[in-house]
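Asks: based on what follows, work out the 3D shape:
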Amino acid sequence: MTNAEMILDQVDVVKLDINLWTSSKKLRAEDLVLADGSRLPPEDLASLGTKKTINPDKLKEFNRIKKEAERICLESGTRFIGGFANPRTEIPRITQQLDDLSKKFYEERDQFLASYTADTEAWIGAHAEFSEAIRRAIEPVESVASKLRFDYIVFRVTKPDPEQQESLERRALSMSEQLFKEIAQDASQIIDRSFVGKDTVTGRVLNSFRRMRDKLDSLGFLDFRCMPVVDEIDSVLDSLPKSGPYNGIVFHNLFRLGLLLSDPEKIKRHGSGLLQPVVDLDIEPEDDALDDQVIPEPDSKLTDEDLIQPSLPEVSLPSEDTDLVEEPIIESEIDDDDDIPGFDDYLAKYNPAQDILDTVLSAQTDVATGLVEDISETPKAVIPVTPVPVVKPVESLIEDNLDEDDDEPVESEELASAGDFWF
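Replies: This is a model prediction of the structure:
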């Protein structure tokens, strides 16, 4: 069974047979009086239009009943081969509503025919200067009664002969396109009537969205793209407060939904999953959901190469052109009372260019003499006697005693002699 046959097997077609009388008659040249002597253009150039033989307001109710009948058929169906294809399950409801509407139509017709003569005379009196033109076009009441008719028929489309099957399948498969166009037309009317230039809507607009939703739902078998749109409408309507009026973010969500439904191509794209939902709700996962997450065990077969080794953070060295900012040197507080007396004088007299040995012996003598005098005067100062440290090898002294500001190492003999000095 083809897709077209599956569609036709689920629908019945309701065809309305409603005829209205409009009281419009062709306007003729003798109906006009041209006092200025000008003449009318020929019929092949211009048409004179029509004239009314009764007040058009008297016929408004018949037009309203016809539109109501079409709305009943379109509530769950779509236009198809001159009628309205509806799901077979909706036919009992449709026929019942059409029967009730038919009774109302004929009641209205009887009232109209009862006052038909009086209404035409009143219309003539309102346009006395054209009374003759109106009287020439008045129809008898029996003729008017035969032209006011309300009826319908329900039929089922079956598989045709092979010669005609292709055209019927083409029409059957096009029902979804017609459905999306009808939805877009209804949504456009809702936007123009209820949203444009406004910032608040009432609960009445929700009924219009529900009707479009029910229509797409009942004809969901026509196209797989119907149901995602139904779900989208449900999502928006379910998120609304229970009562209106609706403004702010709720108003904008309804407006966006109307814009989505007002374009057949957007409907199809959204149904195909190519558009984002109208309402995005950020829902945080519950704690129970996090507890249910399973953390996979590490694979024991992985090699060292497969494992990602932690890496040290990258350290960027300053370039030669970069100005280094010297950190301030924090000098520790020194108590002047703890200084060794005479040591500053020694440092002032020390000259490495002189004979190191003579300088050391002289300095030791001076320092010792000063220390003895200081000890006698200041008994608190205790000078420990320490052994002379062992002089390191020349190589290590040269290696460890590089002057940070100079590239040349200090002479080994000077370092050795200086080592004899320290105690």
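Asks: in the stretch 51-200 of the chain, where is pLDDT below threshold?
Replies: The stretch 51-200 of the chain contains residues with pLDDT under 70 at 160, 163-164.
Asks: state the distance from the closest residue to F105 other than its chain neighbours to E5.
Replies: Excluding its sequence neighbours, the residue lying closest to F105 (C-beta to C-beta, 6 or more residues apart in numbering) is F150, at 4.0 Å. C-betas here are computed from N, CA, C, even on glycine. Distance, F150 to E5, using C-beta to C-beta, to the nearest Å: 33 Å.
Asks: what about those two, which has more around it?
Replies: F150 (22 against 14; other C-beta atoms under 10 Å).
Asks: please enumerate residues in contact with stretch 219-230?
Replies: 6-7, 10, 76-78, 87, 175-176, 179-180, 213, 216-217, 261, 267-268, 270-273 (C-beta atoms under 8 Å, 6 or more residues apart in numbering).
Asks: buried subset of the residues you listed?
Replies: For those, a burial check counting by 16 or more other C-beta atoms under 10 Å picks out 7, 76-78, 87, 175-176, 179-180, 213, 216-217, 261, 267-268, 270-271.
Asks: could you list which of these belong to helices?
Replies: Using DSSP state H, the members of these that fall in helices are 7, 175-176, 179-180, 213, 216-217, 261, 267-268, 270-271.
Asks: partner residues bridging the closest residue to Q178 other than its chain neighbours?
Replies: Spatially, and ignoring its direct neighbours in sequence, Q178 is nearest to T78 (5.1 Å; C-beta to C-beta, 6+ apart). When assigned by DSSP bridges, T78 has beta-bridge partners A85.
Asks: now the ones in helices among the buried ones among the contacts of stretch 219-230 as a markdown table including distance to A145?
Replies: As requested, those are exported to a markdown table (distance: C-beta to C-beta, whole Å):
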| residue | distance to A145 |
| --- | --- |
| I7 | 41 |
| M175 | 37 |
| S176 | 41 |
| L179 | 37 |
| F180 | 41 |
| R213 | 41 |
| L216 | 41 |
| D217 | 42 |
| L261 | 42 |
| I267 | 44 |
| K268 | 47 |
| H270 | 50 |
| G271 | 48 |
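Asks: quick check, nearest of those residues to Q189?
Replies: Of all those, Q189 sits closest to L261, with 10.9 Å by C-beta to C-beta.
Asks: could you chop the chain up by domain?
Replies: What the record gives for the chain is the domain set 3-159, 174-271, 340-421, from automatic domain parsing.
Asks: out of the ones you listed, deepest packed?
Replies: Most buried of the domains of the chain, by mean neighbour count (mean count of other C-beta atoms under 10 Å): domain 174-271, with a mean of 17.
Asks: and that domain, end to end?
Replies: Taking C-alpha to C-alpha, to the nearest Å, domain 174-271 runs 16 Å from one end to the other.
Asks: swap in stretch 122-136?
Replies: End-to-end distance for stretch 122-136: 15 Å, by C-alpha to C-alpha.
Asks: ok, stretch 253-272 next?
Replies: With C-alpha to C-alpha applied, stretch 253-272 spans 21 Å between its terminal residues.
Asks: okay, and for the stretch 251-400 of the chain, where does confidence drop off?
Replies: Within the stretch 251-400 of the chain, the ranges that satisfy pLDDT under 70 run 275-400.
Asks: at 90 instead, please
Replies: 272-400 (pLDDT under 90).
Asks: in the stretch 151-300 of the chain, which spans are strands?
Replies: 200-201, 246-247 (DSSP state E, counting those that start in this stretch).
Asks: what sits up against the first one?
Replies: Looking back up the chat, that one is strand 200-201. 194-195, 244-247, 251, 254.
Asks: among those residues, which two are most distant?
Replies: The widest separation within these (C-beta to C-beta) is 13.9 Å, between F195 and G244.
Asks: pLDDT (mean, whole number) over stretch 14-31?
Replies: If you average the pLDDT over stretch 14-31, you get 85.
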